[in-house]
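Student: 3D model of this:
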Amino acid sequence: MGVYIKSTGISRATDTFSSVENSGRAAKQSLERAGVHPDQIGVFINAGVFRDSNTVEPAVSALIQKAAGIGLEYAKDDPRTFSFDLMNGATGVLNAVQVAASILTTGSAGHVLVVAGDGHPSMTRSAATDDFPYATSGAALLLAHTDGPEGFGKVHTVNGEGTPAVEAYVDTATMGSVGRGLMTVEREPDFEDRLLSVATEAARAALPAHSDLTGIALIASTPSAQFPKQLADAIGIDQDAVRTPDLVDGDPHTASLPQAYDRAVAAGTLAGFTDVLFVAAGAGPSAAAVLYRLPGAAG
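Tutor: Residues are numbered from 1 along each chain as shown. A predicted model of the protein is given here:
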């Protein structure tokens with residue numbers, strides 16, 4: 001008994017710089033691919049961090065849910081969709097998987113839809129820059145319960161010590177009247193090494209002891225293009241088993257893991273693997289990791 005990925009969706013649209021719109025389009029795509037109707041979504045979780053115009057209220061999950069066309073009917077007996085934001089930086093998607101597993105195991109929802117996406121709050125750019133190192137995009141994971149051996153295992157989390165390594169904030173002392181379109185991101189000089197340390201610890205916790213790693217593909221956060229391969233070296237997975245998202249515009253941040261999985265599935269590059277090791281690492285420094293048994297290899 002577990003939770004598996006029923007379908008995925010991504011959006012790297014060139015006609016919008018909105019994280020809400022990109023996440024909404026990704027959600028729609030995941031439903032269309034799975035043949036699931038919007039009223040079948042019991043819970044909707046947004047794990048994105050950087051928001052259009054630095055929106056604080058309402059919950060951004062509600063805005064994305066609206067953009068995706070989910071739960072827009074209000075008649076007495078219409079199905080309900082419960083949505084909320086789950087913000088924990090780059091690890092948010094795997095934290096959402098934890099929550100989804102608890103919900104789906106109880107049978108209180110048939111499907112949980114997890115979306116993630118980021119964008120500069122000014123909504124004027126799509127590519128990462130030195131001052132804002134995250135690409136504008138969205139992604140979705142449609143999750144469902146399974147009685148088979150496929151699906152997610154236990155999510156392991158690690159919190160590092162000391163300063164957060166990466167920080168993002170709106171500088172209220174200097175923002176003046178344009179704060180809704182500003183964001184300051186600070187990365188400490190050794191941030192990548194510190195993220196690699198906690199990611200390695202989380203990954204090792206998620207891997208079975210003395211396991212053969214040849215059948216495991218690695219999908220990891222992309223604070224830099226080389227980070228997933230550095231992590232592979234650290235835990236003993238072949239670099240050829242690393243799967244990454246499209247990084248032409250930079251780091252998709254919270255959407256990195258689902259975008260990489262979507263890309264690998266579309267390209268058929270998970271053939272021959274039995275499992276995917278998902279590892280997320282970001283501000284805190286913190287990391288999360290989980291082993292996912294691929295449906296085609298289960299049993």
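Student: residues contacting residue 42?
Tutor: Applying CB atoms under 8 Å, 6 or more residues apart in numbering, one finds that residue 42 lies in contact with 79-82, 103, 108-112. (Glycine included, C-beta is placed from N, CA and C.)
Student: identify the farthest-apart pair in those.
Tutor: Set against one another by CB to CB, the contacts of residue 42 have their most distant pair in 79 and 103, with a gap of 15.2 Å.
Student: which one's more surrounded, those two?
Tutor: A side-by-side neighbour count of residue 79 and residue 103, using other CB atoms under 10 Å, places residue 103 first with 20 against 14.
Student: in this protein, which spans are helices?
Tutor: All helices of the chain, identified by DSSP state H, fall at 19-34, 60-68, 92-106, 191-206, 227-235, 256-267.
Student: so of those, which one's packed in deepest?
Tutor: Per residue and on average, the most neighbours among these fall to helix 19-34, with a mean of 25 (mean count of other CB atoms under 10 Å).
Student: show the buried residues in the contacts of residue 42.
Tutor: In terms of neighbour count (16 or more other CB atoms under 10 Å), the buried residues within those are 81-82, 103, 109, 111-112.
Student: in strands, which of the residues you listed fall?
Tutor: When these are checked against strands (DSSP state E), the matches are 82, 111-112.
Student: possible to save these as JSON lines with distance to residue 291 and pLDDT?
Tutor: Formatted as JSON lines, the entries for these read as follows, by distance: CB to CB, whole Å; pLDDT from 0 to 100:
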{"residue": "82", "distance to residue 291": "28", "pLDDT": "92"}
{"residue": "111", "distance to residue 291": "22", "pLDDT": "96"}
{"residue": "112", "distance to residue 291": "19", "pLDDT": "97"}
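Student: if we can go back for a sec, next, format the helices of the chain as a markdown table and append mean pLDDT and distance to residue 180.
Tutor: A markdown table is the format used below for the helices of the chain (pLDDT from 0 to 100; distance: least, CB to CB, whole Å):
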| stretch | mean pLDDT | distance to residue 180 |
| --- | --- | --- |
| helix 19-34 | 97 | 14 |
| helix 60-68 | 96 | 14 |
| helix 92-106 | 96 | 22 |
| helix 191-206 | 97 | 27 |
| helix 227-235 | 97 | 31 |
| helix 256-267 | 98 | 26 |
